[in-house]
Every structure is written in structure tokens, then in C-alpha cells.
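Visitor: Here is my input, please return the structure:
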Amino acid sequence: DGEITSFFPIFGTNHKFNGFMDYFYVGNHANSVGLQDIYAKAVIKTGKSSSLLAKLHYFSAAEDIAGTDDNYLGTELDLVFTQKILPYATLKIGYSQMFAGDSMEVLKGVTNPSGLQNWGWAMLVVKPNFLKWSPKPQQ
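Guide: Prediction:
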């Protein structure tokens, strides 16, 4: 009938809601079966200037997937270690692991949805303060 029944954000929220591996935001996500993401996260302080973020996502399709009677897509684990190394620099190291369900093969066309699917990354965040300025108090 020409009515659009799927939703995806106009402006990217990439990793915020859909896991760090971008399985359901980048690529063939538009006009599909929708996504339900039940997740839990925890930030654990590992030192005076370091922490570990852990997020666990449970992904399932919001609608029935043609060719299967299972809407479970997979579980993703995201880990990010953050270490402040200078007052203006932070090191972040991340790792993600996807444990795909059998329905992922139908939805995404992957040949081995139960296979090893992971990635790691490192990022140096530098936020220098080139111009130190503060307003003078009003008298």
C-alpha cells in the first residue's frame, strides 16, 4: 500500500543503541523487520584514572522473519577500557564479540552466523586547550 512501516533515525546514533559492531545500523537495515535491543551496561572503575565499560545486547527482530520461525538474532558483548594518560589525552581500547543466532543467516545473508565474529580497536582522544580564557567577574 506504499505506507512505510519501519523506522530508523535520520541522524546517526550508530553505537549508542545498536551495539558497537553496527550489525543493525550500517548496511541493509532500512525497511527490514525492525530491531528489539534489550541491553544492560556497567561501568567499573579499575583505577584512579581508568575504567571498564561492559555492554551486553540481546537482539531480536520486531517482526517475523520470512523463512524462519525464530526472531532471535544474536547477542553482542562490547568492552571498552578507558585510561586517562595526560590531563588532555585519553586512551580507549575496545573489543566486541557477536554470538549470532540462526536467524541472522536469513536476515543478513551471512554464510556462517555461528562463526567467530569480533573486532577490536584503539583510539587516542586528545582535547587540548589552546586558548585559556575565562570571563572577568562583573563588578
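Visitor: what kind of secondary structure is Pro135 in?
Guide: Secondary structure assignment for Pro135 (DSSP: H, G, I helix; E, B strand; the rest coil): coil.
Visitor: The longest strand along the chain: what's the following helix or strand?
Guide: Identified as the longest strand of the chain according to DSSP state E is strand 72-86. Per DSSP states H and E, the first helix or strand lying C-terminal to strand 72-86 is strand 89-100.
Visitor: Just checking: what are the partner strands of that next one?
Guide: strand 72-86 (antiparallel), strand 117-126 (antiparallel) (DSSP bridges).
Visitor: ranking those by burial, who's on top?
Guide: Across these, averaging neighbours per residue (mean count of other CB atoms under 10 Å) puts strand 72-86 on top, at a mean of 18. The C-beta positions use only the backbone N, C-alpha and C, and glycine is treated the same way.
Visitor: how close does Asp78 sit to Leu35?
Guide: Separation of Asp78 from Leu35 (CB to CB, to the nearest Å): 16 Å.
Visitor: can you redo the strands paired with strand 89-100 as TSV with mean pLDDT?
Guide: Converted to TSV, these look like this (pLDDT from 0 to 100):
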stretch	mean pLDDT
strand 72-86	94
strand 117-126	94
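Visitor: how about stretch 49-67: buried residues?
Guide: 55, 57, 59-61, 65 (16 or more other CB atoms under 10 Å).
Visitor: Show me the beta-bridge partners of the closest residue to Ser50 other than its chain neighbours.
Guide: Leaving aside its sequence neighbours, Ser50 sits nearest to Gln83 (CB to CB, 6 or more residues apart in numbering; 4.4 Å). In this entry, Gln83 is beta-bridged to Ser50, Leu91, by DSSP bridges.
Visitor: start the count at 868, not 1, going forward
Guide: Done: numbering now begins at 868, and the last item shifts to Gln950.
Visitor: ok, Gln950 - contacts?
Guide: Neighbouring residues of Gln950 by CB atoms under 8 Å, 6 or more residues apart in numbering: 914, 916-917, 957-959.
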